[in-house]
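Participant: for reference, the sequence and a predicted model appear below.
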Amino acid sequence: MEQIKIPMRGLAEVTSAKPSQKLSKLKKYRTPRSEDSVGRSNYYVKALSAIKKHHKGQTGIVTKILNDLLAEAAVETDPRKRAKLEHSHRAITDYLKAFGSRPLKIMPGKHLYYLYQDLVVGAHPDLVAEKMVVWSSSNLTWVGMILAAANAA
């Protein structure tokens, strides 16, 4: 029997669906590169790009992206596209409020999965950040003292 592969988000979507909708929800995941599955992964691509730029110190670009998202949303006539632009703007501003002042380094994401018989449930985080260690002269003094003590022993 062929393995069934479904992302964690998809599993949650299928299990929380009404009984009459479960099969139609599951059909979206038969082909992993279907229009439905690609659309879900690309929804917040502008927000993720801006957040990564923020942590690289490119705050001017982030400000421009925020202004562009609002300007595009103001003239967008399609309600779904306008909502996507507004949601991306809100995602960036909420992220910056919560984590913007923290020294974080963006790291490559790892593919996580759980295998049960012929079912593979996978997850790939959209963003992985690691806290950066900020060195100061006092940190270096302590490191120097520890190294000196280790060399003396």
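Facilitator: Now that the structure is in, tell me what you want to look at.

Participant: rest of the way, CA atoms for contacts and neighbours
Facilitator: Will do.

Participant: which is the next helix or strand following the longest helix belonging to the chain?
Facilitator: When the chain is parsed with DSSP state H, its longest helix is helix 79-99. Scanning forward in sequence from helix 79-99 by DSSP states H and E, the next helix or strand is strand 104-107.

Participant: mind listing what's buried along that next one?
Facilitator: 104, 106 (16 or more other Cα atoms under 10 Å).

Participant: just stretch 106-113 next, same as before
Facilitator: Across stretch 106-113, burial judged by 16+ other Cα under 10 Å covers residue 106.

Participant: and the residue positioned nearest the centre of the chain, helix, strand or coil?
Facilitator: Most central residue of the chain, judged by C-alpha distance to the mean C-alpha position with Cα atoms, centre = their mean, is residue 126 at 2.6 Å. What DSSP: H, G, I helix; E, B strand; the rest coil gives for residue 126 is coil.

Participant: quick check: it touching residue 109?
Facilitator: Yes. If you go by Cα atoms under 8 Å, residue 126 and residue 109 touch, sitting 7.3 Å apart.

Participant: ok, back up a step: what comes up buried for the longest helix of the chain?
Facilitator: 82, 84-93.

Participant: may I have it exported as PDB, CA atoms only?
Facilitator: Extracted in PDB, the C-alpha atoms of helix 79-99 (Å, rounded to 0.1, in the frame of the first residue of the first chain):
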ATOM      1  CA  PRO A  79     -12.200  41.200  -1.300                       C
ATOM      2  CA  ARG A  80     -10.100  38.000  -1.000                       C
ATOM      3  CA  LYS A  81      -6.900  39.700  -2.300                       C
ATOM      4  CA  ARG A  82      -7.600  42.800  -0.200                       C
ATOM      5  CA  ALA A  83      -8.000  40.500   2.900                       C
ATOM      6  CA  LYS A  84      -4.700  38.700   2.100                       C
ATOM      7  CA  LEU A  85      -2.900  42.100   1.900                       C
ATOM      8  CA  GLU A  86      -4.400  43.300   5.100                       C
ATOM      9  CA  HIS A  87      -3.700  40.000   6.900                       C
ATOM     10  CA  SER A  88       0.000  40.200   5.800                       C
ATOM     11  CA  HIS A  89       0.200  43.700   7.100                       C
ATOM     12  CA  ARG A  90      -1.300  42.700  10.400                       C
ATOM     13  CA  ALA A  91       1.000  39.600  10.600                       C
ATOM     14  CA  ILE A  92       4.100  41.800  10.200                       C
ATOM     15  CA  THR A  93       3.000  44.500  12.700                       C
ATOM     16  CA  ASP A  94       1.900  41.900  15.300                       C
ATOM     17  CA  TYR A  95       5.200  40.000  14.900                       C
ATOM     18  CA  LEU A  96       7.200  43.200  15.300                       C
ATOM     19  CA  LYS A  97       5.200  44.200  18.400                       C
ATOM     20  CA  ALA A  98       5.900  40.800  20.000                       C
ATOM     21  CA  PHE A  99       9.400  40.000  18.700                       C
END
